[in-house]
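Trainee: next come a sequence and a model predicted from it.
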Amino acid sequence: MTSYPAPAAAFSLSAPVRLWDEGFAADPHGRYEALRAQGPVGWGELAPGEPAYIVTDRRAALDVLHDPGTWSHDSREWEATAAADSPILGMLKWRPNPLFTDGAAHMRYRTALVDGLDLVEPHDLRERVHRVVDLLVGRFGPAGSADLVDDFARPLMTLIFNNLFGLPDSESARLNNSLGRLMEGGDEAAAGEVEYGEYVTELVTAKTLQRGDDLTSRLIDHPADLTYEEVVCQVFLTMGAGHEPTANLVANALSRMLGNPAYYSTLTSGSRPVMDAVLEVLRHETPLANYGILYAREALSFHGVWVRTGVPVVVSYGALGYLSEQDSADEPHHPNDASHLSWGAGAHKCPVKQHALLIATEAIERITQWLPDLEPVTPRDQLTWRPGPFVRSLKSLPVRFTPRTPDTTVVAP
């Protein structure tokens, strides 16, 4: 076990910073500042009465993510003390998948997922993205206006993931609605978890009876010999972890682009790649803001704070991103993505980074080819955000544009 410095001062547990209410959604940076004022590790609240240690310092975050001997992803000790109706239980409860396991079990589950996803060729994924974007623009293009969250980013991901996992397009609304409620961690989280769980269970049951050329069937047939429950849990994790953050990545990137007309013109003209906008979001407004969650294997002193077992230790990628934006104000566009931790680090680092980046960049490039004169209806500082501790997610992104019909030729910028 790694040895950390003794606490410099007593750490007050009396006033946790709320990460779950409308105030946090409206001004997360103010809450992050309050956490950082406490030191590298602050005391926060993920839901009413659900405290957590919040890591807001990059060095402390790396210490956690690279030290499996001290920190575990197993949430069962916390779960044993959580209220049965806790709104964050669906996001934190232990399941047999890579997110909540360590060591050999983690590697077994991770290998099954990676092997299945590796068979999704980039050119095939690119074609899937283009098909879905064309379908969606065909729906709202003739109107000359749309909400790029509800009409584009979220249905984009449900259609792509339904296709990858072997479900028809007609099932997309059900996936979208259940995941949205689960991720917010609010009053409807439990209902969202139940509906999403039923959705995944029905999918795995159908594929157990009849395989197809899809990720679900590959998990069932993988040499890891996963049980039915384990397959359900891998699909539950992968669809959720792929859908919600990537949809938010697309929406947040479009929002930042459209909020700066000069910047947007350099992207649509081709003088700057769309990847720049995507990486800027990952650095400074990451869609999965507070979901790097671990637990101390034993109580210990960590960067000035006495950390108890059974209490979530949250690596706040959102707080780290905001701090990065302040530090890099004079150089807002970095040449690569090394300045952020949105993909995590260590053994649990996101295994499908390239898939997510490809989906996001191709989707944004494709819609701006279709609709090069996208114009925001609402100023960026007046947009509203969904509440909840885990994601940074717009409620809506209304835009207008010159109407386009499905038979319009798509021309590259």
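Mentor: Cool, got the structure. Residues are numbered from 1 along each chain as shown.
Trainee: contacts for stretch 206-226, please.
Mentor: With contact meaning Cβ atoms under 8 Å, 6 or more residues apart in numbering, stretch 206-226 is reached by 108-109, 111-113, 115-117, 119-120, 164-166, 203-204, 228, 231, 234-235, 238. For every residue, glycine as well, the C-beta is placed using N, CA and C.
Trainee: quick one: terminal-to-terminal distance for stretch 260-274?
Mentor: 14 Å (Cα to Cα, to the nearest Å).
Trainee: which of the residues in it are buried?
Mentor: 263, 264, 266, 267, 268, 274 (16 or more other Cβ atoms under 10 Å).
Trainee: the last one reaches residue 364, doesn't it?
Mentor: Yes. Using Cβ atoms under 8 Å, residue 274 is in contact with residue 364, at 4.9 Å.
Trainee: which neighbours do those two share?
Mentor: residue 253.
Trainee: what residues does the helix or strand where residue 155 lies touch?
Mentor: Taking DSSP states H and E as the definition, residue 155 sits inside helix 154-165. Applying Cβ under 8 Å, 6+ apart, the contact partners of helix 154-165 are 120, 128-129, 132-133, 135-136, 168-169, 171-173, 175-176, 180, 203, 214-216, 235, 239, 242-244, 246-247, 250-251, 359, 363.
Trainee: list the buried residues in that helix.
Mentor: 154, 155, 156, 157, 158, 159, 160, 161, 162, 163, 164, 165.
Trainee: redo those residues as a markdown table? Include pLDDT and distance to residue 44.
Mentor: Shown next, in a markdown table, are those (pLDDT from 0 to 100; distance: Cβ to Cβ, whole Å):
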| residue | pLDDT | distance to residue 44 |
| --- | --- | --- |
| 154 | 93 | 27 |
| 155 | 93 | 33 |
| 156 | 95 | 32 |
| 157 | 93 | 28 |
| 158 | 91 | 31 |
| 159 | 92 | 35 |
| 160 | 93 | 33 |
| 161 | 90 | 31 |
| 162 | 88 | 35 |
| 163 | 90 | 38 |
| 164 | 92 | 35 |
| 165 | 92 | 34 |
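Trainee: so can I have JSON lines of those showing distance to residue 315?
Mentor: Output for the buried residues of helix 154-165, formatted as JSON lines (distance: Cβ to Cβ, whole Å):
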{"residue": "154", "distance to residue 315": "26"}
{"residue": "155", "distance to residue 315": "30"}
{"residue": "156", "distance to residue 315": "28"}
{"residue": "157", "distance to residue 315": "24"}
{"residue": "158", "distance to residue 315": "28"}
{"residue": "159", "distance to residue 315": "31"}
{"residue": "160", "distance to residue 315": "28"}
{"residue": "161", "distance to residue 315": "25"}
{"residue": "162", "distance to residue 315": "31"}
{"residue": "163", "distance to residue 315": "32"}
{"residue": "164", "distance to residue 315": "28"}
{"residue": "165", "distance to residue 315": "28"}
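Trainee: and these, which is closest to residue 58?
Mentor: The shortest approach to residue 58 among those belongs to residue 157, at 29.1 Å (Cβ to Cβ).
Trainee: so how far is residue 295 from that closest one?
Mentor: 30 Å (Cβ to Cβ, to the nearest Å).
Trainee: number of residues surrounding the residue lying closest to residue 24 once chain neighbours are set aside?
Mentor: In space, residue 24 comes closest to residue 31 once its chain neighbours are excluded; the distance is 5.1 Å by Cβ to Cβ, 6 or more residues apart in numbering. Residue 31 sits with 25 neighbouring residues when counted by other Cβ atoms under 10 Å.
Trainee: residue 31: helix or strand, and which one exactly?
Mentor: Using DSSP H and E, residue 31 falls within helix 28-36.
Trainee: can I get that helix in CSV, CA atoms only?
Mentor: This file holds the C-alpha atoms of helix 28-36, laid out as CSV (Å, rounded to 0.1, in the frame of the first residue of the first chain):
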residue,chain,number,x,y,z
PRO,A,28,-20.6,23.7,-11.5
HIS,A,29,-17.5,25.8,-11.5
GLY,A,30,-18.6,27.6,-8.4
ARG,A,31,-19.1,24.3,-6.6
TYR,A,32,-15.7,23.1,-7.9
GLU,A,33,-14.1,26.2,-6.5
ALA,A,34,-15.7,25.5,-3.1
LEU,A,35,-14.3,22.0,-3.2
ARG,A,36,-10.8,23.1,-4.2
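Trainee: just the mean pLDDT for the helix or strand just after it, thanks.
Mentor: Sequence-wise, the next helix or strand downstream of helix 28-36 (DSSP H and E) is strand 41-47. Computed over strand 41-47, the mean pLDDT rounds to 97.
Trainee: and strand 41-47, what does it pack against?
Mentor: When contacts are defined as 3 or more Cβ pairs under 8 Å, 6 or more residues apart in numbering; DSSP states H and E, strand 41-47 packs onto strand 17-18, helix 28-36, strand 50-55, strand 313-315.
Trainee: list of residues touching it?
Mentor: 11-13, 15-20, 31, 34-36, 51-57, 60, 86-88, 185, 290, 302-305, 307, 312-314, 389.
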